[in-house]
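>>> Sequence first, then the predicted structure, then my questions.
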Amino acid sequence: MNGHAVVAGGGIGGLAAAVGLLRAGWEVTVLESAPDFSEVGSGFALTANGVTALSALGLGEETRSLGHPLRAEGTRDVHGRWIARLDAENAPESLRLHGVHRQRLHGMLLAAAHGADLHHSATVHGVEPGSLPGEFARVHVTENGTTRRLSADLVVGADGLRSVVRAGVDPAVRVRYSGMSSWRGIAGSTDLIGDAFRAYWGPAAEFGALRIDQGEIYWYGYVRLPEHTDFSDELDAALTRFADWAEPVPALIAATDPRRLLRHDVYELSPTAHRIAAGRVVLLGDAAHAMLPTMGQGVNTALEDAAALGRVVRPGELIDGVARYSAERYGRTRGIQRRSAMMARIGSHLSNPAAVAARNGLMRLAPVGAMASSSSRIFDWLPPAPLPDADD
Ligand SMILES: Cc1cc2nc3c(=O)[nH]c(=O)nc-3n(C[C@H](O)[C@H](O)[C@H](O)COP(=O)(O)OP(=O)(O)OC[C@H]3O[C@@H](n4cnc5c(N)ncnc54)[C@H](O)[C@@H]3O)c2cc1C
C-alpha cells in the first residue's frame, strides 16, 4: 500500500511538495486554509536552482514557457551609477534567471498536483508528530466548521511563516519583524528596462525591477518602516519614497495601477529553526526557513525542498528518509538564510550616508567575478539523486 502524506498549506511550497510526493508514489492530501488555492499577485526571479528543482519535479517542459528570460546586470546606486556591474553576455549559465508571475507558477503546480486530494478552507490547528517507527502522525484540521483528526504516515508543514506545524517540531522559534517593509507592484509599461534585472541599493532601501511578461514589469521597493505602518494612499507613499531615485524607478512606480500594488511587512525567524523534522513531520519553505528577500531565494529554496523531499523520503523507509531530508536541507537553507541577512545588512539596512558611501566605494573596488562565483554556489544546486525505486 502507498504511504499517505498530509501537506499543510497549498502555497508554492506545499503544492510543489505534493507534486514531488505524488511522483514518488505517495497518496497525498493537501490542506489549505484559504477559501481557494491562489497566490499573491506579484512576481519573483526564478533562479537556476529553482529551474533545476522544477525539472526534478518533472516540470522542466512547462517551466520553459513559464517566465521571461532576464539579463542580470548588477547593482546601481540611487543615482543610477554602477556599484557592481556584471558582464551579462559572459555570465555563467548558473546566473541566468527568469521573471515569473507567482500566480502562473502556482497555477502550474496546482495543475501538476491534480492527483492529490486537495482541500481548501481546511485549517490545520495542531499536529501530533507520531513516532518512527510505530505511531502514525495526526493532523487536527477544521474544514467547513467540522473538526477532525487525520492519520498520516508523513506530515509536511508547508504552512508558511506563521506555521502551526512548526510548533510541533521546534517550538522555540518565533516570528520577528525585520524592520523592513516591501512594496511589490506590477507596472504595465513595456519599454522601461528591456530584459535587464535592474537592482538599486540606497540608504535604508532597495529597489528592483524585472520583466515577468511581454507587457508586465514586476518591481519591489524594500524600505525601512515601522511595523504596521498604514498609508492612506500606498502608490503615493511609494512615489514619494523613491521620488529622488534615478529613472526609471519613479517612472515604473508611476506606471503601476494601484490595484496591482501590495505592501507587506517582512518578518524573519528568531531564533532560526534548529530542527526541520520531528517524528513523522518535516517542514518545508517558509515554515522551515523564512528568510529575508534580499537574495530572492524564498520561493527558489521552497522548490528545492520539495524536489529533495520527493527524492529522499519513501513510504517504506521513513526513518532514513526523514533523516536524509534534514541532512540535505538544513545546512543549505540555513546558509542561504544567513547570506540573505548579510546582504540585507550591506544592501538595504544601512542608513547612515557615510556608511552608504563607504559601502558603494568598496563595492566598486571588489572583483565582480568573485562575487558572481560565490553567488553561483547557491544557484548551481543539484537535487539529491533519486532513490533506486523512484519513478522518474
Ligand atoms: C515582501 C516579500 C518579497 C518576497 N520576494 C521574494 C522574491 O523575490 N523571491 C523569492 O524567491 N521569494 C520571495 N519572497 C519569499 C516567498 O514569498 C516565500 O519564501 C514563499 O512564498 C514561501 O512559500 P511557502 O509555500 O513556503 O509559504 P507561503 O507562500 O506562505 O504558503 C503557505 C500556505 O499555507 C497556507 N496556510 C497557512 N497556515 C495554514 C494552516 N494553519 N492550515 C492550512 N493552511 C495554512 C497559507 O494560506 C498559504 O497558502 C518574498 C516574501 C515577501 C514577504
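Yes, it's here.
>>> Run the chain-centre distance for stretch 240-250.
27 Å (CA atoms, centre = their mean, to the nearest Å).
>>> ok, the nearest residue to A24 once chain neighbours are set aside - how many residues close by?
Residue nearest to A24 in three dimensions, not counting chain neighbours: G310, with 4.7 Å by CB to CB, 6 or more residues apart in numbering. For the C-beta atoms, the positions are set from N, CA and C on the backbone; glycine is no exception. Other residues within reach of G310 by the criterion other CB atoms under 10 Å amount to 30.
>>> I'd like to know which elements the helix or strand G310 falls within is packed against.
Secondary structure assignment for G310, by DSSP states H and E: helix 298-312. With contacts taken as 3 or more CB pairs under 8 Å, 6 or more residues apart in numbering; DSSP states H and E, helix 298-312 sits against helix 12-23, strand 43-47, helix 48-56, helix 286-289, helix 318-347.
>>> Show me which residues of the protein sit near the ligand.
Contact residues (CB under 6 Å from any ligand atom) of the chain with the ligand: 8-14, 31-34, 44-45, 123-124, 158-161, 164, 182, 184, 264, 266, 285-287, 293, 296-300, 302.
>>> residue ranges of the strands in the stretch 151-300 of the chain, please?
154-157, 174-187, 196-202, 205-213, 216-224, 256-270, 277-278, 281-283 (DSSP state E, counting those that start in this stretch).
>>> got a list of what H120 touches?
For H120, the contact set (CB atoms under 8 Å, 6 or more residues apart in numbering) comprises G10, E32, S33, A34, P35, D36, F37.
>>> pLDDT value on the second one, please?
Think E32. The per-residue pLDDT reported for E32 equals 98.
>>> was I right about it contacting L118?
Yes. E32 lies in contact with L118 (CB atoms under 8 Å); the separation is 7.4 Å.
>>> Do I have it right that the residue nearest to A24 meets L57?
Yes. Assessed by CB under 8 Å, G310 is found in contact with L57 at 6.9 Å.
>>> Give the intersection of the neighbour lists for the two.
By CB under 8 Å, 6+ apart, the residues touching both G310 and L57 are V19, G20, R23.
>>> And stretch 345-357, what's buried?
For stretch 345-357, the neighbour count (16 or more other CB atoms under 10 Å) marks G347, S348, H349, L350, V356 as buried.
>>> send the alpha carbons of that stretch over as PDB?
C-alpha atoms of stretch 345-357 as PDB (Å, rounded to 0.1, in the frame of the first residue of the first chain):
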ATOM      1  CA  ARG A 345      22.900  44.500   6.200                       C
ATOM      2  CA  ILE A 346      25.100  45.500   3.300                       C
ATOM      3  CA  GLY A 347      22.400  46.400   0.800                       C
ATOM      4  CA  SER A 348      19.300  47.900   2.300                       C
ATOM      5  CA  HIS A 349      19.500  48.100   6.000                       C
ATOM      6  CA  LEU A 350      22.400  50.700   6.000                       C
ATOM      7  CA  SER A 351      21.000  54.200   6.600                       C
ATOM      8  CA  ASN A 352      24.000  56.300   7.600                       C
ATOM      9  CA  PRO A 353      25.100  58.300   4.500                       C
ATOM     10  CA  ALA A 354      28.800  57.900   5.300                       C
ATOM     11  CA  ALA A 355      28.400  54.200   5.700                       C
ATOM     12  CA  VAL A 356      26.400  54.000   2.400                       C
ATOM     13  CA  ALA A 357      29.100  56.000   0.600                       C
END
